[in-house]
Every structure is written in C-alpha cells, then in structure tokens.
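Enquirer: Give the three-dimensional model of this entry:
(one chain, ligands or ions: 2)
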Amino acid sequence: MTFLVGPMQMHLDGHKELTAHNEIIELKPKERVYVPLLHGNAVVKPLVNVGDKVKIGDRIACRDDHFYVPFFAPVSGEVVAIEKHMSCALKPVDHIVIANDGKDEKADLATLDEEAKRDDIIDFMKDKGLVGCGGAGFPTYIKYQTDKCSTLIINAVECEPYITADARMIETRMDDFYRGVKALIKASNCRECLIGIKENKTELIALLKERFKDEAMVKICPLKDVYPMGWERTLVYALLKKRYDKLPIEVGVIVSNATTAIMLAQAMTSGLPIYEKMVTVSGEGVKNPHNVLCRVGTTYKELIEACGGYNENISKLALIAGGPMMGNTVTKDEVAITPFANAVTVLKYEDIKPLACLRCGACIDHCPSGLQPVNINKAFKAKDLDLVKKLKAQDCIECGMCTYVCPSKIAVTEGIRRAKRSLALLKK
Ligand code: SF4
Ligand code: SF4
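Expert: Numbering: from 1, shown residues only. Ligands and ions are numbered 1, 2, ... in the order given. Okay, here's the model as predicted:
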C-alpha cells in the first residue's frame, strides 16, 4: 500500500493570470481534422473507411477491450485518410483524417431527460464515450458502476501551472456545470457532493456558492493553493482525511473532473459526445496566451496560430502536451487535440546540464506517492527491474515534483517514466 508521506505539497507559481480573464477564442475547424486513435496503450479500431461521409457525433472508432470507449467525428465531411501521425503520447498512432465540408451537420442522436434514472445516466455516459477531461481520459461510466459511493468529489482544483480551462468552463457554462453535477450525483447515488476548488479562486467560489445555495448535499470546499492538490489521492485526503490503496471507491469516493460534469450536461441536452474542447494555450513561448474552444482533432499548430503564433523573441522553445509538471514534451506541433486534452504549453527551452546526484533526498521528501525517485532511477540505470518493481515505480503519477525540486537539475521524472515503460513491456 502506498501512503502519503513527506511535505508532498508545494505552492508553485501558477502563471494563471496569462489566461484566467482573457476572452475565449472560438476557433473554427480548418479544412482537415486529425482524430488520434489513442486511449492509453489500447488498440482503438476505426469503424469507418476512406471515402465514408460523416456528420458531427457519428461514431468513427472504438476501443472495445475491458474498457468501452467510442470515438466520434468532430466535423461533418469525408474520411480522406487513416494514417499515422505523431501523438501527445510521444509515438505515432493512427489518426482518422476528415476533410471538413464546413456544413457542421450534426448526427441525429438520442438525448437524455433530466429525470432519467441512475442506470440510464451511466449507460448514456458509456454510449457517448464520456471520459475524464482533466487529462487522464479514464472512461467515466466505469467509476459509476458501483453501489459503494457515499461521497462524490467534483475536482475543480486545476493545480497544474498555466492551465485555466476548467475554471473558464465553469465560469462561462455555470448552468451546464450545475446540471452535470446533479446528474453525477444521481449516477453515483452518493450522500454528499464536495466541489474542491483552490481557495484563491474567490470570484468563482462566490459564483458556485450562489448557484448551489439550494442544494443541501453540495458543499463548495476551498483548498490550499498547493501542488498536486488536484491529484485524486491528495484531494481525497485533503477533503475527507481518508487514504486508500488503489482506487477512491475503496473509501466510498468517486472523483470526477469539473469539465466532465459540463460535458455530460451538454451531451444530455444535445445528444452530442465531446466533439470540442476548451484548451489553455499558454506559456512565454506563445504571443497571446488564451483559452481556445476548438474541435477535437485540431492541431497544436492551429491553436498556437490562433494565439498569435510563437514568441519570436525566444530562439528555442519547448512544446508541451498539457502543463509543465505532468505534460509530455513533444517535438512536432502537428499533434492533435484528443477529447481529454486540456492544455498546450510553450516555454523557453532551457539547455540544462544536470549535475551529479547529491543524495539530498529532496525528491523522496516531496514525492506525493511516497516513492523513492532517486533509488528507482538508480535501480533502473543498473537494469535491476526487480528492484524497480519492488520500489513501486508503477505507482508514480508523473507529477513532475521530483524533477522540480532536484537541486542537481536531474530529469528524475523522465527516468521514472522510462522505468515504468520498461515494467509495462515486461508484463506483455
Ligand atoms: S513524478 Fe513520480 S516519483 Fe516523481 S514526485 Fe511525482 S509521483 Fe513521485
Ligand atoms: S533530489 Fe536530485 S540530487 Fe537530491 S537525491 Fe533526488 S535525484 Fe539526487
């Protein structure tokens, strides 16, 4: 069992002011969208062929193993290719390329009444491919297939620096958020619902308190501005003082991301799955950082162009899929937005020359998963995968904290990612 140990939380400079109050750019889809057939390491099978005509919301691919996750057309038009492109997972994966006909024709899809029963809501989530919108993309219906939930936590913390997409979604779609939370309460069959949000978002907290004032079982819970408060394990402990081994449901808790609630409400009204996303495009490497509402399948290049392009005053840039702590650095801006993407961050590239490990233990002290990052990396370098496993590298949530605190500027997290990948390959 992994326990929370050490200080494990730290205030980080959020840089949220870059996008927290800007207008939202509504980006029209370009001539082509590129839908990545990507869900974890699973195979996602296309359900369409080149030449097929599609409308928005048509099912075009599906993961169908122990998880069921359908993928949908984000524009109307014609499938013109199924080909490999680089993805946010740092590997080429098949993409369904759709030539946009510009008509925005929508498929005629079933909606769901607000009076719908619990099982119907869960089936609806599954049918619409609803996934966690906080970056992980876990299928939502799976979490709700339980009778053990006493507390539903809505995660509106958004602790990763630069990202403000969730906050802007709630602010601008408060009614959808309210309806989505009510639907999730019914789907979870919980006794209480806690909305976790950072205490410094005072205006949003006031709006939430006003909107939920007649809902006795919903409580707005301000939380400290520390990282990684938005991680499920930290959040559950901060709100309920409960610890668990693998999943929050072990202590009667389901955690869902705030945007996921909004997406559910919107799907219930329109019948449409997630076909567009709010994405925070930020960092010093972008001329005019903004939140951009774009179609799934929009490329990073198009998003950055919508924000004025790259900052030409910086000669070398680092492009990150997600935020700077948990995101992956990608080498090409042809990477496309998935239904679970929420940010693209562009920072000044720093050519860091790491020093030797000082054995200072800072990475151990700050690991929120209670791991020994320095020792995992040492074992991995020595090719001792048994020890890597024993040190529970697989429990690493890739929060980036060990790299952040390392005085020798060692890319500790990257080493652990590699160790995890090696362990995963061993399993196959
Ligand atoms: S990246 Fe992994 S090992 Fe490093 S601090 Fe976070 S959880 Fe711990
Ligand atoms: S924080 Fe860096 S220098 Fe300190 S023990 Fe960990 S890897 Fe070594």
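Enquirer: What residues does the protein have near ligand 2?
Expert: With Cβ under 6 Å from any ligand atom as the criterion, the chain meets ligand 2 at residues 357-363, 374, 405-408, 410, 412. Heads up, the C-betas are built off the backbone N, CA and C, glycines and all.
Enquirer: go with 5 Å
Expert: By Cβ under 5 Å from any ligand atom, the residues of the chain that approach ligand 2 are 357, 358, 360, 362, 363, 374, 406, 408, 410.
Enquirer: Now the buried members of these.
Expert: Neighbour counting by 16 or more other Cβ atoms under 10 Å classes 362, 363, 374, 406, 408, 410 among those as buried.
Enquirer: Relative to ligand 1, which of the residues you listed is nearest.
Expert: residue 363 (6.3 Å; Cβ to the nearest ligand atom).
Enquirer: Give me the distance between that closest one and residue 370.
Expert: Distance, residue 363 to residue 370, using Cβ to Cβ, to the nearest Å: 12 Å.
Enquirer: just residue 284 next, same as before
Expert: In terms of Cβ to Cβ, residue 284 sits 33 Å off from residue 370.
Enquirer: what's the answer for residue 17, then?
Expert: From residue 17 to residue 370 the distance is 33 Å (Cβ to Cβ).
Enquirer: more crowded one of the two?
Expert: Using other Cβ atoms under 10 Å as the criterion, residue 17 and residue 370 rank with residue 370 on top: 16 against 10.
Enquirer: helix/strand/coil for the more buried one?
Expert: State at residue 370, reduced to three classes by DSSP: H, G, I helix; E, B strand; the rest coil: coil.
Enquirer: For residue 235, see how far away it is.
Expert: Distance, residue 370 to residue 235, using Cβ to Cβ: 16 Å.
Enquirer: how many other residues sit next to the residue of the stretch 201-350 of the chain found nearest ligand 1?
Expert: Here the residue of the stretch 201-350 of the chain nearest ligand 1 is residue 228; by Cβ to the nearest ligand atom that distance is 7.7 Å. When neighbours are counted by other Cβ under 10 Å, residue 228 registers 24.
Enquirer: Same question for the one 3 residues further on.
Expert: As a burial measure, residue 231 scores 22 neighbours (other Cβ under 10 Å).
Enquirer: can you tell me which residues contact it?
Expert: Residue 231 makes contact with 159, 368, 397, 399, according to Cβ atoms under 8 Å, 6 or more residues apart in numbering.
Enquirer: could you redo those residues as a markdown table and give each row distance to residue 184?
Expert: Below are the contacts of residue 231 laid out as a markdown table (distance: Cβ to Cβ, whole Å):
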| residue | distance to residue 184 |
| --- | --- |
| 159 | 21 |
| 368 | 25 |
| 397 | 23 |
| 399 | 25 |
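Enquirer: Provide the backbone phi and psi angles at the nearest residue to the residue of the stretch 201-350 of the chain closest to ligand 1 once chain neighbours are set aside.
Expert: Using Cβ to Cβ, 6 or more residues apart in numbering and skipping the chain neighbours, the partner closest in space to residue 228 is residue 399 (4.8 Å). Main-chain torsions, residue 399, degrees, to the nearest 10: phi -80, psi -20.
Enquirer: what does residue 347 give?
Expert: Main-chain dihedrals, residue 347, degrees, to the nearest 10: phi -120, psi 170.
Enquirer: So what pairs up with the residue nearest to residue 43 when sequence neighbours are not counted in the strands?
Expert: Spatial nearest neighbour of residue 43, chain neighbours left out: residue 63 (7.1 Å); criterion: Cβ to Cβ, 6+ apart. Beta bridges link residue 63 to residue 69, judged by DSSP bridges.
Enquirer: Quick check, residue 63 in contact with residue 39.
Expert: Yes - counting by Cβ atoms under 8 Å, residue 63 does reach residue 39; the two are 4.8 Å apart.
Enquirer: out of these two, which sits in the busier spot?
Expert: More crowded of residue 63 and residue 39, by other Cβ under 10 Å: residue 39, with 25 against 20.
Enquirer: The more buried one is in contact with residue 69, isn't it?
Expert: Yes - if you go by Cβ under 8 Å, residue 39 and residue 69 touch, sitting 5.3 Å apart.
Enquirer: which residues are common contacts for these two?
Expert: With Cβ under 8 Å, 6+ apart as the test, residue 39 and residue 69 both reach residue 63.
Enquirer: Might you enumerate the residues of this structure proximal to ligand 1?
Expert: 367, 369, 371, 373, 396, 397, 399, 401, 402, 413, 416.
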